[in-house]
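Colleague: Structure of the sequence below:
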Amino acid sequence: QVQLVESGGGLVQAGGSLRLSCAASGRTFSRYAMGWFRQAPGKEREFVAAITWSGGSTYYADSVKGRFTISRDNAKNTVYLQMNSLKPEDTAVYYCAAGLGYGSSLYHLRQYDYWGQGTQVTVSS
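Modeller: You can find the predicted model right below:
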């Protein structure tokens, strides 16, 4: 069982930066690939970024590539999402998730078994 708690969301102006954190409970955190998803009002939850259990591979949605960076610290049971050059269209609730998938399967939310409660990110124009 893994419990996930996101933090770091908030209100920022376009062009600004935020760093989201996701703290995981449980001693098996390092076994799991981790992903970030987001959901804007009236839209489906969409993939943002993912990282393998070792941190050796990362994956990004085209819409955030070059602006967002996912990383993890297995010693701290924490995964991060550094978001730079934020745009109003990045406004959403951001969720972290844990799963045992790998490779291209990490783009799909059904590969994840555990989810956090979400943190709001609002980017003003």
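Colleague: CA only for contacts and neighbour counts going forward, please
Modeller: Fine.
Colleague: Looking at residue 102 now. What's its pLDDT?
Modeller: Looking at residue 102, its pLDDT stands at 88.
Colleague: nearest residue to it other than its sequence neighbours?
Modeller: Spatial nearest neighbour of residue 102, chain neighbours left out: residue 52 (6.7 Å); criterion: C-alpha to C-alpha, 6 or more residues apart in numbering.
Colleague: Likewise for residue 67?
Modeller: Nearest one to residue 67, counting by C-alpha to C-alpha, 6+ apart, is residue 84 at 5.2 Å.
Colleague: again, but for residue 90
Modeller: Nearest in space to residue 90, with sequence neighbours left out and distances taken as C-alpha to C-alpha, 6+ apart, is residue 123 at 6.7 Å.
Colleague: Which of the helices or strands spans the one you found?
Modeller: strand 119-124 (DSSP states H and E).
Colleague: Residue 43 too?
Modeller: For residue 43, there is no enclosing helix or strand under DSSP H and E.
Colleague: With residue 69 instead?
Modeller: In the assignment (DSSP H and E), residue 69 maps to strand 68-73.
Colleague: Now do the same for the residue most central in space within the chain: its pLDDT.
Modeller: Closest residue to the average C-alpha location of the chain: residue 36 at 2.1 Å, with C-alpha atoms, centre = their mean. On pLDDT, residue 36 comes in at 98.
Colleague: And the residue nearest to residue 24 when sequence neighbours are not counted, how far from residue 118?
Modeller: Sequence neighbours aside, residue 4 is the residue nearest to residue 24 in space, at 4.6 Å (criterion: C-alpha to C-alpha, 6+ apart). Plainly put, residue 4 is 9 Å away from residue 118 if you go by C-alpha to C-alpha, to the nearest Å.
Colleague: any residues in contact with both of these two?
Modeller: Shared contacts of residue 4 and residue 118, defined by C-alpha atoms under 8 Å, 6 or more residues apart in numbering, comprise residue 96.
Colleague: What residues does the most far-flung residue of the chain relative to its centre make contact with?
Modeller: The C-alpha centroid of the chain is most remote from residue 125, which lies 22.7 Å away (C-alpha atoms, centre = their mean). By C-alpha under 8 Å, 6+ apart, the contact list for residue 125 reads 13-14, 87-88.
Colleague: If anything else comes up later, I'll come back, but that's it for now.
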